[in-house]
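Student: got a sequence here, can you model it:
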Amino acid sequence: MERMNRRVFGRAAGLSTALCWALMGAAAAAPEQPPNIVVIFLDDSGWSDFEPFGSPGYATPNVEKLAKEGRRFDNFYVPQAICSASRAALLTGCYPGRTKVFGAHRPRQRGLSPKFATVAEVLKTQGYTTGAFGKWHCGDQPDTRPPARGFDESSGLMYSNDMWRFGRSPGAAERYAEFPLQFWKNGEITIEDVTPDHQRMLTTWYAEHAVDFIQRNKDEPFFLYVPHTMPHVPLYCSEKFLGKSGAGLYGDVMMEIDWSVGEITAALKESGVEDNTLVIFTSDNGPWLTYGDHAGKTPWREGKQTSFDGGLRNACVMKFPRSIDAGTTSAQIISSLDFLPTFAHLAGAELPGNPVDGKNVWSLITGETGAKNPHDYYPFSWGNQFQGVISGDGRWKFHLKHEYRTVIEGGKDGRRGKIETKLIEQSLFDLQADPYEKVNVIERYPKIAEQLEGYTKRHRERFFSKSGN
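Tutor: Numbering: from 1, shown residues only. This is a model prediction of the structure:
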C-alpha cells in the first residue's frame, strides 16, 4: 500500500512539474503588452531651465530624477521654432512644408488638415487609449480638435494663452472679444472666458487630468500627451508655488511644471506600469527671449522664432526601464518628426496612408551599437520660408541667406523687450566644433556645403515652391 502511494504521489509530482514548466513556457512565449507612451511637451522652455541641462537657480528634482533614471539627449531638434508648426510636426511626423502648418495659428484658423494622421490615430489601431491634456494649437474647428484627431479624452486650451482679451498688446481686448480664450474638455467648452485665476490653475489641472487618465487606463496600453501651456507668456502658477523659487515668477512656474512631472511619474509607478512606459520630456521650441525675465535660458544662439539652435534645439529626456539604460547621455541627433514612426514601431502599428517624413529611430534612442541616423538631413524653416538643413549625422548646419530677429533688450515683468532684424548670409556651421553657430566655414568645406545646398534645393522645390520661397 505504501509503495502504491509513493507511485501515485510520484506521478502527481511529475505531472505537476510538467504543468509548471508548460505554464512557464507559455508565459515566456506570450507577447509583451505594447508599451505605454507619455509625451510631456513644454511651451517655450529654455535648454537650461532644468537640471541636469543647466543650473537654473531653483529646484527641479523630478526632471533631474527622470534624467538619472533615463537618458538625456543633447541633440534633439524640432523643425520650426514656434507653437503650431512644432506641434503638428510631432503629431504627424511630417515636415511643416508638407502639412503647411506654419507659425502659430490664431483663433478660428483651420489648423492641421485631417488628411494627415496623428500619432493618436495610428496608436488607436493597436488598441491604445489616448489622452491629450494641455495646449492643442493645431486647429479649433470641429474636425481639427482633439476628439476628431484620435484622442479619446482631452482638456485644455485650443491655442496660446496670450491670445485673450487680457493681453497687454495694443488692441488685444478688441481683437479677442469675439473669440474669447476657452477651456475645453472632451469636445465641450467648460470655461467660456478664461481669466487670470483660471490660468493660475492650468498646470495643476493638466497634471491632475493626466494622473487620473493613468490610473483609469493602467490595464491597457495608453498614449498620454501633455502639451503644457507654460512657460509661454503670460506666466501663471498656483498659490502652492507662487514666490517659492526665489528666482522670480519664471522660476515659480518652472518649479510647478517640475512638480507636475513628479505627479505623472509617481502615478505610473503607483499604477504598476512604470517599467513598461516610455516617458519623453521636452519642449516645442526654445525660449522667447524678448520677454527677458519671463523667458528661459539657452546656451545656444538666439531663441524662439529663429532657426538657430537656441530656437530649434531643445533639452530632452527619455525614460523606459525595459530598454533605455539609466543615467546615460546621447549625442545622436533625433527630431520630433521621428516620434510617430518610432511609436508605431513600438506598438506594432502600420504607418498611415499619407506620406510620413520622420523615421523609426528606436535604435538611436536605445543606444544600439553602430546605429546611425536614417536621415540625409533635417530641414528647418521659419513661417513659410525655408531656411536650411542639418546633416543627418548632426554635425553640419547649412543656412540659406535669410533675415532673423534678435533681441537687443529683454523685457521685464511680462512686457516685450526690443528686437532688431539682422541678415545671415549663406552659411555653413560645424556644430561639433562650433555649437554656437559663430564661425561660418562655408569656404573651408566646399564639398560639404555643396552637398547640403543640394538637399536644400531639392527640399525647397518639393515643399516650398508653391509659396514662392
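Student: strands along the stretch 1-150 of the chain, start to end?
Tutor: With strands called from DSSP state E, counting those that start in this stretch, the stretch 1-150 of the chain shows them at 36-42, 71-77, 129-133.
Student: nearest to residue 375, out of those?
Tutor: strand 71-77 (10.7 Å; Cβ to Cβ). For the C-beta atoms, the positions are set from N, CA and C on the backbone; glycine is no exception.
Student: so how many other residues sit close to the closest residue to residue 127 other than its chain neighbours?
Tutor: Once flanking residues are discounted, residue 127 sits nearest to residue 221: 6.3 Å by Cβ to Cβ, 6 or more residues apart in numbering. With neighbours defined by other Cβ atoms under 10 Å, the count for residue 221 comes to 21.
Student: what's near enough to touch the closest residue to residue 68 other than its chain neighbours?
Tutor: Spatial nearest neighbour of residue 68, excluding adjacent residues (Cβ to Cβ, 6+ apart): residue 327 at 5.4 Å. Taking Cβ atoms under 8 Å, 6 or more residues apart in numbering, we find residue 327 in contact with 67-69.
Student: mind putting these into JSON lines with pLDDT and neighbour count?
Tutor: Output for the contacts of residue 327, formatted as JSON lines (pLDDT from 0 to 100; neighbours: other Cβ atoms under 10 Å):
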{"residue": "67", "pLDDT": "98", "neighbour count": "26"}
{"residue": "68", "pLDDT": "98", "neighbour count": "15"}
{"residue": "69", "pLDDT": "98", "neighbour count": "17"}
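Student: which residues of the stretch 1-150 of the chain fall in helices?
Tutor: 2-29, 61-69, 83-92, 96-99, 119-124 (DSSP state H, counting those that start in this stretch).
Student: relative to residue 59, how far out is the residue nearest to residue 68?
Tutor: The gap separating residue 327 from residue 59 is 20 Å, by Cβ to Cβ, to the nearest Å.
Student: and for residue 199?
Tutor: From residue 199 to residue 59 the distance is 23 Å (Cβ to Cβ).
Student: and those two? Which one has more around it.
Tutor: Remark: of residue 199 and residue 59, residue 199 carries more neighbours, 22 against 17, as counted by other Cβ under 10 Å.
Student: contacting residues for the more buried one?
Tutor: 161, 229, 234, 236.
Student: rerun that using 10 Å as the cut-off
Tutor: 157, 161, 164, 166, 181, 183, 229-230, 234-238 (Cβ atoms under 10 Å, 6 or more residues apart in numbering).
Student: now residue 281
Tutor: Contacts of residue 281 (Cβ under 10 Å, 6+ apart): 38-42, 45, 50, 62-63, 66-67, 70, 226, 257, 261, 264-265, 314-319.
Student: so which of the strands of the stretch 1-150 of the chain is nearest residue 411?
Tutor: Closest to residue 411 of these, according to Cβ to Cβ: strand 36-42, at 20.1 Å.
Student: next, the angle from the closest one to strand 129-133.
Tutor: 10 degrees (axes from the mean of the first three to the mean of the last three Cα atoms, to 10 degrees).
Student: closest one of the contacts of residue 327 to residue 308?
Tutor: Nearest to residue 308 out of the contacts of residue 327 is residue 67 (Cβ to Cβ; 24.7 Å).
Student: pretty sure the closest one contacts residue 330?
Tutor: No - in this structure residue 67 lies outside contact range of residue 330 using Cβ atoms under 10 Å: 11.6 Å.
Student: any shared contact partners between those two?
Tutor: 73, 316, 318.
Student: can you pull up the bridge partners for the second one?
Tutor: Looking back up the chat, that one is residue 316. Here residue 316 shows beta-bridge partners residue 73, assigned using DSSP bridges.
Student: okay if I get the strands of the stretch 1-150 of the chain as JSON lines plus mean neighbour count?
Tutor: JSON lines is the format used below for the strands of the stretch 1-150 of the chain (neighbours: other Cβ atoms under 10 Å):
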{"stretch": "strand 36-42", "mean neighbour count": "25"}
{"stretch": "strand 71-77", "mean neighbour count": "21"}
{"stretch": "strand 129-133", "mean neighbour count": "26"}
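Student: quick one on the thing from earlier: now a PyMOL select for only the buried ones of the contacts of residue 199.
Tutor: Buried subset of the contacts of residue 199, written as a PyMOL selection, criterion 16 or more other Cβ atoms under 10 Å:
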select buried, resi 157+161+164+166+181+183+229+230+234+235+236+237+238
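Student: present the contacts of residue 199 as JSON lines; the columns should include distance to residue 405.
Tutor: Shown next, in JSON lines, are these (distance: Cβ to Cβ, whole Å):
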{"residue": "157", "distance to residue 405": "25"}
{"residue": "161", "distance to residue 405": "22"}
{"residue": "164", "distance to residue 405": "24"}
{"residue": "166", "distance to residue 405": "25"}
{"residue": "181", "distance to residue 405": "26"}
{"residue": "183", "distance to residue 405": "31"}
{"residue": "229", "distance to residue 405": "23"}
{"residue": "230", "distance to residue 405": "23"}
{"residue": "234", "distance to residue 405": "21"}
{"residue": "235", "distance to residue 405": "21"}
{"residue": "236", "distance to residue 405": "26"}
{"residue": "237", "distance to residue 405": "28"}
{"residue": "238", "distance to residue 405": "33"}
